[in-house]
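Chemist: Model the following, please.
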Amino acid sequence: MALLVDDEVDLVSVASTALEISSDDDDDNIDDRIQQIEPWLDGTLRDDFMEIFCPPRIAPILKHKGFRAFLSIDISSGDQLDLSLSGDRGTCLFEMRRRRPRVLLTSSPCRWFSKLMMMFNKKIGETRFNEELGKTTVLFNFGMYCAILQARENSIALHEHPIGASSWKLPRVKEFTELGAETVDFDQCCFGLKTPGDGVLMRKPTKIITNGMHILKEFSGK
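Modeler: All right, here's what the predicted structure looks like:
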């Protein structure tokens, strides 16, 4: 499922009024269009949490605990929103602006940034590798742009990718750090990650970048 949303929101009307924002536009153009969107949702409270490039994972848990956490937007092959499509990325920006989430989690696809895929570059073929890496870079830059928007609004964002991913060298990361974001490394086994089936703890070295200092504190030393 690509999108978890409360019943009060008509996604069809939302998409049709998204001002045709395309995440492939230049930043100034996107910024100008976003400022045209009213930054509230029918006068209701702002959302506490939103996750993108994620299936409904953390949002349902938080909603069950009483938090305002309605949106989980992912890449899909036919559900309501698909972040691999430029128009749907525009709708995602529209929803972010309206809902003003206090915390945004983004975790864009990382496969083509991995050291393993770099090693198999010749086997895969340079043309295909560059094509897939280009698509993945667009998605990464979109996720980081959403994080940057959060920081500009004095809200919190965090993005996670493997420690060794080449994505950490992209310019968007530096732009986020210039707004106060910092990185921290940790092993997911410290939070109980286990291999499927035999249940053995799995290390999985991971890096997050966030402008939430209390979040950094929780992950430090893990």
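Chemist: From now on I want contacts and neighbour counts done on CA atoms only, so please keep to that.
Modeler: OK.
Chemist: would you list every one of the helices in the protein?
Modeler: 11-16, 27-34, 58-64, 86-99, 115-119, 121-124, 126-152, 171-177, 213-219 (DSSP state H).
Chemist: Just put these in TSV and tack on mean neighbour count and distance to Ile52.
Modeler: Supplementary listing: the helices of the chain in TSV, determined by neighbours: other Cα atoms under 10 Å; distance: least, Cα to Cα, whole Å:
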stretch	mean neighbour count	distance to Ile52
helix 11-16	13	16
helix 27-34	14	18
helix 58-64	15	10
helix 86-99	22	9
helix 115-119	13	24
helix 121-124	13	28
helix 126-152	19	8
helix 171-177	17	17
helix 213-219	13	18
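Chemist: in the protein, what spans have low per-residue confidence?
Modeler: 1-44, 77-79, 119-122, 221-222 (pLDDT under 70).
Chemist: rerun that using 90 as the cut-off
Modeler: 1-46, 54-57, 70-71, 74-100, 110-135, 162-165, 186-206, 216-222 (pLDDT under 90).
Chemist: how about the helices of the chain in JSON lines, adding distance to Lys204?
Modeler: JSON lines is the format used below for the helices of the chain (distance: least, Cα to Cα, whole Å):
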{"stretch": "helix 11-16", "distance to Lys204": "36"}
{"stretch": "helix 27-34", "distance to Lys204": "34"}
{"stretch": "helix 58-64", "distance to Lys204": "19"}
{"stretch": "helix 86-99", "distance to Lys204": "29"}
{"stretch": "helix 115-119", "distance to Lys204": "14"}
{"stretch": "helix 121-124", "distance to Lys204": "23"}
{"stretch": "helix 126-152", "distance to Lys204": "20"}
{"stretch": "helix 171-177", "distance to Lys204": "21"}
{"stretch": "helix 213-219", "distance to Lys204": "14"}
